[in-house]
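J.: With the input below, show me the fold.
(chains A, B and C)
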Amino acid sequence: MEAEPFIVLSAILFTIGGVGVLTRRNAIVVFMCVELMLNACNLALVTFARVHGNLDGQVAAFFVMVVAAAEVVVGLAIIMTIFRTRRSASVDDASLLKY
Amino acid sequence: MSFEAPHIEYATLSPLLIVFGVALVGVLVEAFVPRRLRYLVQSVLALVGLVAALAATIWVATDLTVRGDGAARGSIVAEGAIAVDGPSVFVWGTLLLLSLISVLLFAERHLDGGLSAFAGQAAALPGTEAERQASTRGLEHTEVYPLMMFAVAGMMLFPASNDLLTMFVALEILSLPLYLLCGLARRRRLLSQEAALKYFMLGAFSSGFFLYGVALVYGFSGSTHLAAIAEAVNGRIGGQGLLLGGIALIAVGMLFKVGAAPFHSWTPDVYQGAPTAVTAFMAACTKIAAFGALLRLFYVAFGSAERDWTPMIWIVAILTMAVGSVFALSQTDIKRMLAYSSVAHAGFLLVGFVGLHEGGEGISSLQSVLFYLVTYGFMTVGAFAVVTLVRDAGGEANHLARWAGLGKESPLVAGIFAFFLLAMAGIPLTSGFTGKWAVFSSAAQGGAWPLVVIAVLLSVVAAFFYLRVIVLMYFSDPVGDAPAVAVPSILTTVTIAIGLAATVVLGILPGPVLDLAADAGAFIR
Amino acid sequence: MELYTPVIALAAIAAGFAVFSIVMSVATGPRRYNRAKLDSYECGIEPTPQPIGGGRVPVKYFITAMLFIVFDIEIIFLYPWAVAFDAMGIFGLVEMVLFIATVAIAYVYVWRRGGLEWD
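T.: Numbers count the residues shown, from 1 in each chain, chains lettered A, B, ... in the order given. From the prediction side, this is the model:
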């Protein structure tokens, strides 16, 4: 199996996620971009597992999924609280703490 | 396919298991114990659990097996996932002690009219009737104790993990509860929630980088075990690009947790917004855990690629010290100033880390950093504990202008705070001096003397802003009505006393703890 | 300089093409607006009516979704265990029971504190 295309795809997905985190304003969308980054990692891990012919990468992908789910819950809880307080999920609005 | 059941050394892992177990019991307590009893049950449970874990840690520490040439002691347990060795046990002990005194801060109820520093009901919107009701009914979130215990467990697992996957899971276990704890302040809830959001967003972003680094390093070496990675790095099998990219991305994730520039931008915001008890806990313990993990990862796994990563760490160290020392000068909020001071400390610790002194003559880099972490931890918790005492009608008076003239208002509190500041500045006869001396001398012996010169110069700059606060407290007149210094209960008093005692003793008699750090030996591989 | 001439020429052509397309489509294209065109999506079914108050969804949906995600994903660890059930033997069984007990503790907390109540 040719591994390179998968790695390149995962790198592209990771970059899209990273750029999204830096440029998007809505907290939920930012958060989705973080998830995209984690899933790009999963793709890379699974591909490398295939390349090396061992299971470590696949096991890692399982754990990453669970961790991502836990992160989703914590993240959504925080974003929801902020949204209920401020009526806005824009990360630009959260600017009381500065300098 | 044959399959062998894994072997888990429960006894060696008992400190970790106790903390995790106490956290789970804490969740059950939340579910079943009536509301009015929860505070007492939870705080006692947390204290007992931490003491038990500390006892177990000491037991494990006395029972470490000597390996190889005797430089390293300990064993790799849980099928290679966790390394219980000298440095691990040392970090565990430090973390547990600091967590113990942080729990006392969490449990403090004297300062705010009989209520803890945590939101009565996090779900109630700030400034609404529901929030006022929650406050008058005396509600409080006792979930903070199990959350804290989970964080402590993650912090203990982080520096002990001998496997990149375990390390990632530990990183998340320690981070997720902290994100929530940051958002639970009773006063200034908007700031607190904003701190939680920022910490969460940036934390998740950085753990994404960490994970991609893990994936690349796995791609390079074909294993997530540190020993196997070290072997692959040594033999330089596989693609160089994968390795270098992996190291860089993992370093980004790690340096974020450590709070090193240019990944420090969350530190001031989060330290300011979080409840001060949480800030104290987080500032001390996260840094210790993250530095433990950073040292293990870079010394054990990437040790033979040191020529690739030392230049990067040099630059980061210089930048971190400079940013921490210079930006702290312009701060007007005491917690933000302490946050920048912790950034500067991260820089000094990085100097020790990058010295790469193997030991032999004097203590090794690893041991000096461990010692510095102990001194830093106690003075940080102590200083933030003092910050909780200076209050006005709106809660804590964190603006520096409100601290003017505190020396006349309350000589004792101002004196203690001044002492902590002097320790952070690294004045002789305080633990800050011995800690700095240890890391700088080991770094100089390791050949990083240009870095040490820069570090010494920058610690002089850093000393300036600590002195500025002391001058403000003693030689300025109060502006408007001076903030009152609240009288704490025995809990905060004990925390401050322990922080103070550790800072004094480690400054005058650092020998025993230095011996203990030296006794920790090296990482097992 | 000669080396860059093709690059500059290509950039000029690309920019010219972009400007030309936009200008021409505005200048020559017909404008016939109708309701469907003003909708967010031009194809597919009609969008469902928005909830009152600008598309806000009650918080309880969020809570249910969050609980679902967590408990749903935990199942992931059961699959490998189920595949290697025989080989793992009694050790695997005990560890799995411990794991499920841990998840059950979280569940009990949610249940006792009213996280599962809809109203």
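J.: neighbours around residue 64, how many?
T.: With no chain named, the answer covers chain A. Using other CB atoms under 10 Å in any protein chain shown, residue A:64 has 22 neighbouring residues. C-beta: built from backbone N, CA, C; applies to glycine.
J.: Hmm, no, I was thinking of chain C.
T.: 13.
J.: where's it, which helix or strand?
T.: helix C:59-74 (DSSP states H and E).
J.: so what secondary structure elements neighbour that helix?
T.: On a contact count with 3 or more CB pairs under 8 Å, 6 or more residues apart in numbering or on different chains; DSSP states H and E, helix C:59-74 meets helix A:56-86, helix C:85-112.
J.: Can I get that helix in PDB? Just the C-alpha atoms.
T.: Presented in PDB, the C-alpha positions along helix C:59-74 are these (Å, rounded to 0.1, in the frame of the first residue of the first chain):
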ATOM      1  CA  VAL C  59     -30.200  23.900  26.500                       C
ATOM      2  CA  LYS C  60     -31.600  20.500  27.300                       C
ATOM      3  CA  TYR C  61     -30.900  19.400  23.800                       C
ATOM      4  CA  PHE C  62     -27.300  20.300  24.300                       C
ATOM      5  CA  ILE C  63     -27.100  18.400  27.600                       C
ATOM      6  CA  THR C  64     -28.600  15.300  26.000                       C
ATOM      7  CA  ALA C  65     -26.300  15.500  23.100                       C
ATOM      8  CA  MET C  66     -23.300  15.900  25.400                       C
ATOM      9  CA  LEU C  67     -24.300  12.900  27.500                       C
ATOM     10  CA  PHE C  68     -24.900  10.900  24.300                       C
ATOM     11  CA  ILE C  69     -21.500  11.600  22.900                       C
ATOM     12  CA  VAL C  70     -19.600  10.500  26.000                       C
ATOM     13  CA  PHE C  71     -21.500   7.400  26.700                       C
ATOM     14  CA  ASP C  72     -21.700   6.400  23.100                       C
ATOM     15  CA  ILE C  73     -17.900   6.700  22.500                       C
ATOM     16  CA  GLU C  74     -17.100   4.700  25.600                       C
END
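J.: Residues contacting the following helix or strand past that helix, please?
T.: Downstream of helix C:59-74, the first helix or strand assigned by DSSP H and E is helix C:78-83. For helix C:78-83, the surrounding residues in contact (CB atoms under 8 Å, 6 or more residues apart in numbering or on different chains) are A:59, A:62, C:88, C:92, C:96.
J.: Lowest-confidence one in these?
T.: Looking at these by pLDDT, the weakest one is residue C:88, with 78.
J.: Could you report the neighbour count for the residue lying closest to that residue once chain neighbours are set aside?
T.: Nearest residue to residue C:88, sequence neighbours excluded (CB to CB, 6 or more residues apart in numbering or on different chains): residue B:5, at 5.9 Å. If you count neighbours by other CB under 10 Å, residue B:5 ends up with 14.
J.: centre of the chain versus stretch B:436-446, how much separation?
T.: 21 Å (CA atoms, centre = their mean, to the nearest Å).
J.: Within the helices and strands, which one has residue B:435?
T.: helix B:431-445.
J.: got it, and residue B:74?
T.: Counting by DSSP H and E, residue B:74 is part of strand B:72-77.
J.: for that strand, packing partners?
T.: strand B:66-67, strand B:82-85, helix B:86-107.
J.: ok and the residue in chain C nearest chain B?
T.: In chain C, the residue found nearest to chain B is residue C:87; the distance is 3.3 Å by CB to the nearest CB.
J.: Three-state assignment for residue B:362, please.
T.: Classification of residue B:362 using DSSP: H, G, I helix; E, B strand; the rest coil returns coil.
J.: repeat for residue B:383
T.: Residue B:383 - assigned by three-state DSSP - is helix.
J.: thinking again about what came up before, help me confirm that the residue nearest to residue C:88 is found in a helix?
T.: No: under three-state DSSP, residue B:5 sits outside any helix and is assigned coil.
J.: Could you pull up the residues touching it?
T.: So residue B:5 contacts C:87-89, C:91-92 (CB under 8 Å, 6+ apart).
J.: ditto for residue B:495
T.: Listed by CB under 8 Å, 6+ apart, the contact set of residue B:495 reads B:101-102, B:104-105, B:381-382, B:385.
J.: Show me where chain C dips below the pLDDT cut-off.
T.: For chain C, the stretches with pLDDT under 70 are C:1, C:36-57, C:119.
J.: swap the cut-off to 90 and go again
T.: C:1-8, C:25-93, C:95, C:111-119 (pLDDT under 90).
J.: near chain B, which residues of it?
T.: Proximity of chain C to chain B, by CB under 8 Å from any CB of the partner chain, involves residues C:84, C:87-89, C:91-92, C:102, C:105-106, C:108-109, C:111-113.
J.: Pipe those into TSV and attach neighbour count per row.
T.: TSV is the format used below for the residues of chain C next to chain B (neighbours: other CB atoms under 10 Å in any protein chain shown):
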residue	neighbour count
C:84	14
C:87	12
C:88	20
C:89	13
C:91	13
C:92	19
C:102	14
C:105	19
C:106	16
C:108	15
C:109	20
C:111	13
C:112	13
C:113	12
